[in-house]
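Just a sequence and a predicted model for now, questions to come.
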Amino acid sequence: MEYMYAAMLLYSAKKPITEESVTAILNAAGVTADGIRVKALCAALAEVNIEEALKAPVFATAAATPAAEVKKEEAKPAEKPKEEKKEEDLQGLGALFG
């Protein structure tokens, strides 16, 4: 998480996000920087337009979809017992008139 915060700090300061600058921020914060993680972060962010990524409502959309699915699943079990009860009632009538 702190690696991403370092990158966001550099972005908001309008500084280039490089391995050296991310490592310097992490070291200044008292975090021992892992060179491989820093390199992976910088490589991943090199292909990303951060300004556009911040504008996109990805998390709101992603959070709404699972919530809607959960509501659908919760509604289904409530309907099934009624159908099962009707079948049981009909079976009871069949035994009566057999």
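That came through fine.

For the rest of this, base every contact and every neighbour count on C-alpha atoms.
Fine.

quick one: low-confidence ranges for the chain?
58-98 (pLDDT under 70).

The same query, at a cut-off of 80, please.
57-98 (pLDDT under 80).

May I ask which helix or strand encompasses the nearest residue to Glu2 once chain neighbours are set aside?
Of all residues not flanking Glu2 in the chain, Leu26 sits nearest, at 7.5 Å (Cα to Cα, 6 or more residues apart in numbering). Here Leu26 is covered by helix 19-28, with elements defined by DSSP states H and E.

What residues of the helix or strand that that helix is followed by count as buried?
Downstream of helix 19-28, the next assigned helix or strand under DSSP H and E is helix 35-46. Neighbour-count burial for helix 35-46, counted by 16 or more other Cα atoms under 10 Å, picks out Val38, Leu41, Cys42.

My guess is the first one contacts Tyr3. True?
By that I understand Val38. Yes: between Val38 and Tyr3 a contact is recorded at 7.1 Å, counting by Cα atoms under 8 Å.

Common neighbours of these two, please.
Val22 (Cα atoms under 8 Å, 6 or more residues apart in numbering).

Output the helix holding Leu26 as CSV, nothing but the C-alphas.
These are the backbone C-alpha positions of helix 19-28, laid out as CSV (Å, rounded to 0.1, in the frame of the first residue of the first chain):
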residue,chain,number,x,y,z
GLU,A,19,12.4,3.8,-9.1
GLU,A,20,14.7,6.3,-7.5
SER,A,21,12.0,8.7,-6.5
VAL,A,22,9.7,6.1,-5.1
THR,A,23,12.6,4.5,-3.2
ALA,A,24,13.5,7.9,-1.8
ILE,A,25,10.0,8.6,-0.6
LEU,A,26,9.7,5.2,1.0
ASN,A,27,13.1,5.6,2.8
ALA,A,28,12.1,9.1,4.0
